[in-house]
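Colleague: 3D model of this:
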Amino acid sequence: MSLLFLVVLLALCGGLFSKSWIRLGIFAAIAVASYVGFSGGVGFWVIGVIELCLLLGQPLFVLMGLLSVVTLALVTTDSPVGVLAEVSVVIEKILELASKEVLLAIPFFVIAGEVMTQGSLAQRLIDVARAVFGWLPGGLAVAGVAGCIFFAAISGSSPVTVIAIGSIMVPALLKAGYPEDFAMGLFTTAGSLGILIPPSIPMIVYSIMVGATTPMDPTDLFLAGVVPGALIGGMLAGYSVFIGFRHKLSTDSFSIAKIIVEAKRGFWSLMLPVIILGGIYSGVFTTTEAAAVSVVYALLVELFIHGELKVKDLPHVAENSMAVMGALFLIIALAIGLNHVLVLQQVPERMVEWLQALDLDRTSFLLMVNGFLLLVGCFMDIMSAILIIAPMLAPMSVAMGIDPIHMGIIFIVNLEIGYCTPPVGLNLFVASTLFDRSLGQVIKAVITPLLIMAAGLLLVVWVPVLSTGLGRVLDGKPLFDEDVPAKVAPDAPETPEPEAPPEGVKTLQELMQGASPGEDDGDAPEVKSLQELMQESNRAGDDDAKPAAGGAGEEKVKTLQELMQESKRAEDNEAADDAAAEPAEEGRVKTLQELMQEAK
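Modeller: Numbers count the residues shown, from 1 in each chain. Coordinates of the predicted model:
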């Protein structure tokens, strides 16, 4: 079967690339090498299915579905009944996933983002940001970055942020004289802040997928993403200020009155992230409830307060939202099957064992993980990476002693960069379509902003407090882990030397020596020890037990036993004498027995 699949792949390569020998050679070499290297086993089938989908131009969910079915059939059993049994297990896991309340937050945030994109919330946020930052060099671009941060806090989606903010700001920047590459590159990358600034759909999915090994609340991830998101946004804003200085671009005059006017006009837009994030972190409602509140709030504001969205526009909003949600949930469901195969084959456990065998320290592990995730971001979209890689990477990071929340933010920031890297960076395709520019031109435009984001990634990786500090402060914990000082034994107090006794007074030691037997102390009587006294007593007892000889003048002291024996012998002798002899004395008083015998 494996050989037949190889023949099909080679035939397909020959038919599609008959005029391109380079592509034909690359795909054919990959197919043959994988067949030889894995001996036609599971590894060959995995690579072959990926190559087949690439050759046929199939979407991601088709690839995920084929991989799930093929690997299940190969690693379980040759019996169709066994394969069906494993498929039923996958279906049960998908149903369990559907029962997770936090999963409902994803469609709500998607709908809220689509409502705001169709309405005027995004424009009003940008106007407020421009009034605040417009006086700075490059202030219009800084306002656009600030708008991305605020909008990301509402929509939770990177592509939606690129569309909503980029469609407004890029034409405005070009009109103000900003370079085209700068404008496209800035908002293609700044739009990716949508997955780092809470609430974030990828953060929700990440917390669900790693929950089996490292239980995690998405609210903790939301809180951990605030400072890193603001940091990277601030670095992009600094880049905008540099461009403003370099090109001597015009700026707006600073006016408090204008800020007040735009703040009043954009009040309802500014209140949305305050209500959502404030409600989550104050405990008023959960993440899912916050997502539902965002939909209701956006609809009420756009329909009845701003009046920018009409009832007739709602079907279009629903259509776009359902298309996004359908693709996302289909990928999640099919990825569950692939994760089930990984669990059956104990891939996460084997990866942890492999990692421990390498004997890496924490620094080496983080370098390896970041390089791997950046490479993954080039070839896999963030949702697929979370669904496939996060469940394996989470236990490995825990084994290395890395905070799970910190590891989650590292994962998100790496794949945030992946949104803007070829060949599958989603924001690249969105920006190419939105700005009507070639993919190559967009890729060239994002190089500098990507380097800035990479510098921000380094700070996030090597300064963990950026991710964990805010949560620790709000929980009342110290910002840094306090090192427990080593316990030092107190210095022993000096023992004072005994004072010399007065003259003529003996010490206790001298008295004891003087009382010791065998020591000559003049005429003083010798004090015997207890042992000597007991030995003398025993010798005396032995001497008394011997017959007395030559000791007529001394009376022996008898023991209690001897006295009792003598008393018994005396009684016996007396009884014998009474029985043998008749009473001789007259007037003896007769006994009652004698009187009765005489009467008879």
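
Colleague: Check which residues of the host helix or strand of G440 are buried.
Modeller: Using DSSP states H and E, G440 maps to helix 439-445. Under the neighbour-count criterion of 16 or more other CB atoms under 10 Å, helix 439-445 has 442-443, 445 buried. Where you see a C-beta, it was placed from the backbone N, CA and C, and this is true even at glycine.

Colleague: Mind splitting the protein into its structural domains?
Modeller: As given by automatic domain parsing, the domain ranges for the chain are 2-93, 102-309+345-474.

Colleague: Averaged pLDDT, the shortest one. What do you get?
Modeller: The average pLDDT within domain 2-93 is 76.

Colleague: Report the secondary structure state of A212.
Modeller: Using DSSP: H, G, I helix; E, B strand; the rest coil, the secondary structure recorded for A212 is coil.

Colleague: how close does it get to L470?
Modeller: From A212 over to L470 the distance is 27 Å, taken as CB to CB, to the nearest Å.

Colleague: can I get the buried residues of helix 439-445 in a markdown table with pLDDT?
Modeller: As requested, these are exported to a markdown table (pLDDT from 0 to 100):
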| residue | pLDDT |
| --- | --- |
| V442 | 88 |
| I443 | 88 |
| A445 | 92 |
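
Colleague: residues touching the residue nearest to the spatial centre of the chain, list them.
Modeller: Centre of the chain computed as the mean C-alpha position; nearest residue by CA atoms, centre = their mean is P404, 2.4 Å away. Applying CB atoms under 8 Å, 6 or more residues apart in numbering, one finds that P404 lies in contact with 210, 214, 216, 394, 397-398.

Colleague: try T213
Modeller: Per CB under 8 Å, 6+ apart, neighbours of T213: 348, 391, 394-395, 398.

Colleague: Out of those, who's the most crowded?
Modeller: A394 (24 neighbours; other CB atoms under 10 Å).

Colleague: isn't that one right next to P215, touching?
Modeller: No - here A394 does not reach P215: they are 10.3 Å apart, not a contact under CB atoms under 8 Å.

Colleague: now P198, nearest residue through space, not along the chain?
Modeller: F222 (3.3 Å; CB to CB, 6 or more residues apart in numbering).

Colleague: what's the burial count for the one you found?
Modeller: Neighbours of F222 (other CB under 10 Å): 25.

Colleague: So it is in contact with P202, correct?
Modeller: No - F222 is beyond contact range of P202, at 11.3 Å (criterion: CB under 8 Å).

Colleague: Phi, psi for the closest residue to L334 other than its chain neighbours please.
Modeller: Leaving aside its chain neighbours, L334 sits nearest to M64 (3.8 Å; criterion: CB to CB, 6+ apart). Main-chain dihedrals, M64, degrees, to the nearest 10: phi -60, psi -40.

Colleague: Tell me who's in contact with M64.
Modeller: 331, 334-335, 337-338, 384.

Colleague: So for A212 and L470, which residue has more residues nearby?
Modeller: L470 (18 against 13).

Colleague: Please give me every residue in contact with the more buried one.
Modeller: The neighbours of L470, taking CB under 8 Å, 6+ apart as the test, are 223-224, 226-227.

Colleague: Can you tell me the SS state at it?
Modeller: helix.

Colleague: For it, give me the pLDDT.
Modeller: Per-residue pLDDT puts L470 at 87.

Colleague: I'd like to know how many residues surround the nearest residue to F480 once chain neighbours are set aside.
Modeller: Among residues not flanking F480 along the chain, V465 sits closest, at 6.5 Å (CB to CB, 6+ apart). Counted by other CB under 10 Å, the residues lying close to V465 total 14.

Colleague: my read: V465 touches L479, true?
Modeller: Yes - the pair V465 / L479 is scored as a contact, 6.3 Å apart, by CB under 8 Å.

Colleague: got the residue ranges for the helices in the stretch 201-350 of the chain?
Modeller: Using DSSP state H, counting those that start in this stretch, the helices of the stretch 201-350 of the chain run over residues 201-209, 218-224, 226-247, 256-265, 267-282, 287-300, 314-344, 347-358.

Colleague: Could you check how far the second one is from the centre of its chain?
Modeller: Relative to the mean C-alpha coordinate of its chain, helix 218-224 is positioned 12 Å out (CA atoms, centre = their mean, to the nearest Å).

Colleague: again with the third one
Modeller: On the basis of CA atoms, centre = their mean, helix 226-247 sits 31 Å off its chain's mean C-alpha point.

Colleague: Any buried residues in that helix, and which?
Modeller: 226-233, 235-237, 239-241, 243-244.

Colleague: coming back round to it: just checking, what packs against the helix holding G440?
Modeller: Using 3 or more CB pairs under 8 Å, 6 or more residues apart in numbering; DSSP states H and E, the elements in contact with helix 439-445 are helix 180-190, helix 426-435.

Colleague: Now the helix or strand following that helix: average pLDDT?
Modeller: Next helix or strand after helix 439-445 toward the C-terminus (DSSP H and E): helix 447-462. Averaging pLDDT along helix 447-462 yields 93.

Colleague: Low-confidence ranges, the stretch 351-500 of the chain, go.
Modeller: For the stretch 351-500 of the chain, residues meeting the criterion pLDDT under 70 lie at 352, 355, 381, 423-424, 481-500.

Colleague: Could you do the stretch 501-600 of the chain as well?
Modeller: Ranges of the stretch 501-600 of the chain meeting pLDDT under 70: 501-564, 566-568, 570-600.

Colleague: Per-residue pLDDT of G244, please?
Modeller: The model's pLDDT for G244 equals 91.

Colleague: Tell me which residues touch it, please.
Modeller: 136-139, 141, 251.

Colleague: And the furthest pair within these?
Modeller: A141 and T251 (11.0 Å; CB to CB).

Colleague: who has more neighbours, these two?
Modeller: Using other CB under 10 Å as the criterion, A141 and T251 rank with A141 on top: 29 against 16.

Colleague: what's the closest non-adjacent residue to that one?
Modeller: Of all residues not flanking A141 in the chain, S240 sits nearest, at 3.6 Å (CB to CB, 6+ apart).

Colleague: pLDDT value on the one you found, please?
Modeller: 93.

Colleague: so what's the nearest residue to W268 once chain neighbours are set aside up against?
Modeller: Counting by CB to CB, 6+ apart, V301 is the residue found nearest to W268 once chain neighbours are left out, at 4.7 Å. Applying CB under 8 Å, 6+ apart, we find V301 in contact with 119, 121, 268-269, 272.

Colleague: buried ones in the helix or strand I386 falls within?
Modeller: Secondary structure from DSSP H and E places I386 in helix 382-388. Residues of helix 382-388 classed as buried: 382-388 (neighbour count, 16+ other CB under 10 Å).

Colleague: which secondary structure elements does that helix contact?
Modeller: For helix 382-388, the packing partners by 3+ CB pairs under 8 Å, 6+ apart are helix 201-209, helix 314-344, helix 362-379, helix 404-418.

Colleague: And the ones you listed: which comes nearest L72?
Modeller: helix 314-344 (5.8 Å).
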